[in-house]
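# Following is a predicted model, sequence given first.
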Amino acid sequence: MQKEQIFEHLSKEAQKIGISEWDLSGSSSLSTSVAVMGGKVDKIQTRDALSFGLRVMTKESFGYISSSDLSGPGLSKALKLAKDIAELRLTDTSPHLTASSMEKFAIPERKLAPETDVRQLSQKLLEMEREVLKADPAFKKIPYNGIGEYSGKRFYLNSIGSMREESFQNSWVYLYLLAEAEGKKARKTYCYEQALSFADLQISKCVQDTINNGKFVLDYVPASTGKRQICFHPKAFLTLLSAFSNIWNARLILDGKSLVKKDQIGATFASPSFSLVDSPRHPFHLNPVWFDDEGVKAQEMSIFEGGVLRNLVHNEETARAFDKRATGNAISGPRSSASHHYLSVPAGTRDQDWGEEQGAVYVEELHALHAGIQSLQGSFSLPFDGQIAVDGKKRSIDSGLISGDILSLLQNIVSIGKTCEVTTAGYAPKIWVDEISVTAG
Amino acid sequence: MTYLAGGIKNSFDHKIIESFHDDLRKDFGILLGLARAAGADFAEFFLERRSTFRASSQNQKIAAINPMLETGIGLRIRKGTEDAFVCGSELSLYSAYKLLQRCLEIAGLDIPKNSSLIPEVNLGPLNDYASLHKKFDFEKQLPGTKEVAERIHDLDLKLWKQVKFIESSGVSAFIDHQDILVLSTDGVFARDIRLNQQVMANAFAFESGDRCDVRESVGGTSDPTFIQKIKSDALVDQLAKRSAEMLHASYVESGEYPVVLGNGFGGVIFHEACGHLLETTSVRKKSSPFTELKGQKIAHQAVTAWDEGLTENAYGSISMDDEGMPAQRTLLIENGILKNFLADRNGSLETQHPRTGSGRRQDYRFAPTSRMRNTFIAAGTYSPEDLLSSVDKGIYALKLGGGSVEPTGDFNFAIASAWLIEKGKLTKPLKGATAIGKGQEVLERISMCANDLELVPGACGSISGTIWTTVGQPHIKVDRLTIGGR
């Protein structure tokens, strides 16, 4: 169904069963992916996905239901179930639609690239596999790999007539190479590239990076255990920081599930050199976001400024509790929450390379965040892929863990690189932090 | 019967398939026949109707109620060594036909011409595990929304009474009711209903700058009254005790230690260090260090390990796997010797290891692959005290978190709370850290297994999505493990 038809159907059905206030947010997408193995196509997949959340609001309460059935009968059933839940009045929150969801702004129409033929995708990936594996006799296999595309629409509608829709699209490719040289441990390297469309993917860069990194990781040395200064790759830093996004999440602060308390907005949490911005339409964000799951316009917002926590991400409900305006970060759900869109760290002043200091450690990638992050305790202990500077040369680290406390890490930022890089986790420069515990594996 | 390809498409409409019954045999027999006539070596439909319900209470208030309804069809086709998979959320014959068209297209196969003769696949009688195990009434027997909400609210209130310095709390209940039907060209026509339930509780305490977050969960399968039977007082007592012990605990010092791992969730070590590497998902890619080692010693002789889907009400138990094969009991390691791998249909085809009823997937959006069920190290003969007293200085990992493993065999898992062992005694509580190692090395270092085997519920994420599993073990001693502390 088109959004106009959904609106018509829901309006009519809601009226029939006495519902005056409702909203619906959801998305539909089509994804295609290919994986290869040993010179042959291994798996081809296409997924047609649809999901939405429907909220029915009454005077004292609300009901929420998630579903994948956007057909007429499916919507009617969802509406009835959400109403039943609202009438139980089990929660004491009663969200209501606001004028922000009706604010007028133009969402530029995006011309999406046409779907790429799966045979073209698989041929390209087979070529990539072939090229990488012939580059070095130690390159034995690429057990995990993929190339694919993803496109679709996000939509929001409500009973007072808001009807928003935006499209998204991206293409991606990755290679996970296993390298095994005589008398050495099995080593791995991983390269990932994404772009708006298949035609824009930097295929050669992905192949070359995999080859170069594959050779590099074969020459590994152990790290030494102890506390030291670390240089974080921008992606590693943003990934770690995002795992502690409870710091700037108003919902979690109100729920007592944050490292920050309500009265600490405006307090200094990080080094004065550090700032952080949420940019829903950052020039390097592949898919600009115009509205959130409550239909509110997404806005660029400074989270940290010179180390000071300035703003939080809000939905309508938390904004009211903080006497602020909603920031366009709402995430729909039975307990509406909020989340940042695209993080960026403004560049600093350091242009000295990390490898110039003997023994310096560079953390390129962090693993197992689902296990090694204690977001309420503020602590982390994570395996990493990285490098160490030995006699002026950068060497791959065998294996290791970094451990620490996120609030101390923010305070211990000693310098910020001069050049920002586009990463899948956001846009940032390299970041140097003191006093991080490293354990050699 | 034989049909003409041209007449088939018009016979399918958008009418939603409301229930999975024997009458679907004919229509899907025709669709599967069409796949075979197009040149597919194998085709399999997976139909799903799923309803989940989640309720949560936070900080002594009911915070969220969320029913979720999902339906869909997944279809995979195999031609030679190539697998094609498509899925869609409309549960109708028309949708099944469109998915078939799409799947054949991406598999590089042509839809037979209108005049082509299509013999249907003769599916056997419905193999109905839902009926066999009397699962049809599960939904009716489940507690109502209000009752679930009240129970978790009550548990939440108890946390605030018992946990000292509590700052925030969360208790949630999750009910997952899945009705599935598998139909394939090799004649499989099987249905099952699954019911999994879980209650999770956490308490966050804060005092004098020290923070402590403790969590506990309980889970059950196939028992609609599970939530009503939860011993909430015992759960709250456990959390309160652990929070009091761990609030002012220091962090583990980085280094290598002998480690005694607690029973139950301690089994994460085997799940990560070995379990995933015994799935044919890894073996078929030769990305498991154990690929060529069947029949050889891969672990200390103290280690015997199983993976099975049969233990009554265990979280990873299934009547049939997602390829329609009845659940099995699989001996993985016997006294250190590698005996079997976990194989799904394709994994078995490609590695020649026998199928073990381990083809699993999160839902219709994923193609199945070999996955674990209830995976555990078998009980040994020692007492837990024997293990502790054998350690001069080491770590007792009481509560473990999640983990992961790489194709290199490098694994990790989180230790949520621990104790320092000095001269065989527990002397000091320690806050968590992460342990790392290589699967093939750590298995050789499991030198003692106690006699207190316990299975606990968990979830496992991998290429076929997130599925319910159990991990388990008795207390075990690992002679040396790297711990990343402070």
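Ah, there it is.
# mind showing which ranges of the stretch 251-400 of chain A have poor pLDDT?
In the predicted model of the stretch 251-400 of chain A, no residue satisfies pLDDT under 70.
# which bits of it sit near chain B?
For the stretch 251-400 of chain A, the contact set with chain B under Cβ under 8 Å from any Cβ of the partner chain comprises A:255-257, A:333-335, A:367-368, A:370-372, A:374, A:376-379, A:381-383, A:399-400. (Each C-beta comes from the backbone N, C-alpha and C, glycine too.)
# just the buried members of those residues?
A:255-257, A:333-335, A:367-368, A:371-372, A:374, A:376-379, A:381-383, A:399-400 (16 or more other Cβ atoms under 10 Å in any protein chain shown).
# Keep only those of those that are in helices.
A:Ala371, A:Gly372 (DSSP state H).
# What about the buried ones among the residues of the stretch 251-400 of chain A next to chain B, which are in strands?
In this view, those that belong to strands under DSSP state E are A:Gln374, A:Ser379, A:Ser381, A:Leu382, A:Pro383, A:Gly400.
# For chain B, what's its nearest residue on the stretch 301-441 of chain A.
The shortest separation between the stretch 301-441 of chain A and chain B is 2.9 Å, found at A:Leu401 (distances taken as Cβ to the nearest Cβ).
# Could you give the bridge partners of that residue?
In this structure, A:Leu401 has the following beta-bridge partners (DSSP bridges): A:Pro383, A:Thr439.
# so what's whichever residue of the stretch 351-486 of chain B sits closest to chain A closest to, chain neighbours aside?
Residue nearest to chain A within the stretch 351-486 of chain B (Cβ to the nearest Cβ): B:Gly484, separated by 2.9 Å. Counting by Cβ to Cβ, 6 or more residues apart in numbering or on different chains, the nearest residue to B:Gly484 once its immediate chain neighbours are dropped is A:Leu401, at 2.9 Å.
# so how far is B:Val478 from the one you found?
A:Leu401 sits 17 Å away from B:Val478 when distances are taken as Cβ to Cβ, to the nearest Å.
# Quick check on those two: which one has the bigger neighbour count.
A count of neighbours by other Cβ atoms under 10 Å in any protein chain shown puts A:Leu401 above the other of A:Leu401 and B:Val478, at 30 against 26.
# any idea how far A:Ser159 lies from A:Phe62?
13 Å.
# That should have said A:Gly226, apologies.
The separation that A:Gly226 has from A:Phe62, given Cβ to Cβ, amounts to 53 Å.
# now do A:Arg187
With Cβ to Cβ as the criterion, A:Arg187 and A:Phe62 are 53 Å apart.
# Also B:Leu142?
Per Cβ to Cβ, B:Leu142 is found 23 Å from A:Phe62.
# who has more neighbours, these two?
A:Phe62 (24 against 21).
# for the more buried one, what are its contacts?
Contact criterion Cβ atoms under 8 Å, 6 or more residues apart in numbering or on different chains gives A:Arg55, A:Val56, A:Ala86, A:Thr91, A:Thr93, A:Ser94, A:Pro95 as the residues in contact with A:Phe62.
# nearest to chain B, of these?
A:Thr91 (5.3 Å).
# for chain B, which spans come out with low pLDDT?
Low-confidence segments of chain B (pLDDT under 70): B:1, B:9-10.
# mind redoing it with 80?
Judged by pLDDT under 80, chain B has its weakly predicted residues at B:1-11, B:432.
# Which stretches in it count as helices?
Across chain B, reading from the start of the chain, the helices by DSSP H fall at B:5-8, B:24-37, B:93-106, B:129-132, B:138-141, B:145-162, B:226-229, B:232-246, B:268-270, B:280-283, B:345-351, B:384-389, B:439-442.
# quick check, the third one touching chain A?
Yes: under the criterion of Cβ under 8 Å from any Cβ, helix B:93-106 makes contact with chain A via B:Arg102, B:Ile106.
# what residues go with each domain of chain A?
Per the record, chain A has its domains at A:3-214, A:221-441, by automatic domain parsing.
# Mean neighbour count, those: which tops it?
Comparing the domains of chain A by mean neighbour count (mean count of other Cβ atoms under 10 Å in any protein chain shown), domain A:221-441 comes out on top with a mean of 20.
# elements contacting the longest strand along chain A?
For chain A, the strand reaching the highest residue count under DSSP E is reported as strand A:139-158. With contacts taken as 3 or more Cβ pairs under 8 Å, 6 or more residues apart in numbering or on different chains; DSSP states H and E, strand A:139-158 sits against helix A:3-16, strand A:21-37, helix A:118-133, strand A:163-179.
# repeat that with 10 Å
For strand A:139-158, the contact count by 3 or more Cβ pairs under 10 Å, 6 or more residues apart in numbering or on different chains; DSSP states H and E identifies helix A:3-16, strand A:21-37, strand A:40-57, helix A:118-133, strand A:163-179, strand A:187-195, helix A:203-218 as packing neighbours.
# looking at the ones you listed, which is closest to B:Asn127?
Taking Cβ to Cβ, strand A:40-57 is the member of these nearest to B:Asn127, at 27.2 Å.
# Neighbours of the spatially closest residue to B:Ala107 that is not a sequence neighbour, how many?
What sits nearest to B:Ala107 in space, not counting adjacent residues and going by Cβ to Cβ, 6+ apart, is B:Ala84, at 3.8 Å. As a burial measure, the neighbour count of B:Ala84 was computed by other Cβ under 10 Å and equals 27.
# in terms of contact, does B:Ala84 touch B:Gln101 like I think?
No: the pair B:Ala84 and B:Gln101 does not pass the contact test of Cβ atoms under 10 Å, sitting 11.9 Å apart.
# Tell me the one among the contacts of A:Phe62 nearest to A:Leu407.
Comparing the contacts of A:Phe62 against A:Leu407 with Cβ to Cβ picks out A:Thr93 as the nearest, at 29.8 Å.
# thinking again about what came up before, pipe the helices and strands packed on strand A:139-158 into a markdown table and attach mean pLDDT per row.
As requested, these are arranged in a markdown table below (pLDDT from 0 to 100):
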| stretch | mean pLDDT |
| --- | --- |
| helix A:3-16 | 95 |
| strand A:21-37 | 97 |
| strand A:40-57 | 96 |
| helix A:118-133 | 97 |
| strand A:163-179 | 97 |
| strand A:187-195 | 95 |
| helix A:203-218 | 97 |
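# what sits against B:Asn374?
B:221, B:267, B:306-311, B:314-318, B:327, B:329, B:455, B:457, B:469-472 (Cβ atoms under 10 Å, 6 or more residues apart in numbering or on different chains).
# Mind checking which of those residues land in strands?
Mapping the contacts of B:Asn374 onto strands (DSSP E) picks out B:Thr221, B:Trp306, B:Asp307, B:Glu308, B:Arg329, B:Leu455, B:Pro457, B:Thr469, B:Thr470, B:Val471, B:Gly472.
# So stretch B:174-190, near chain A or not?
No: Stretch B:174-190 is not in contact with chain A by Cβ under 10 Å from any Cβ of the partner chain; minimum separation 12.2 Å.
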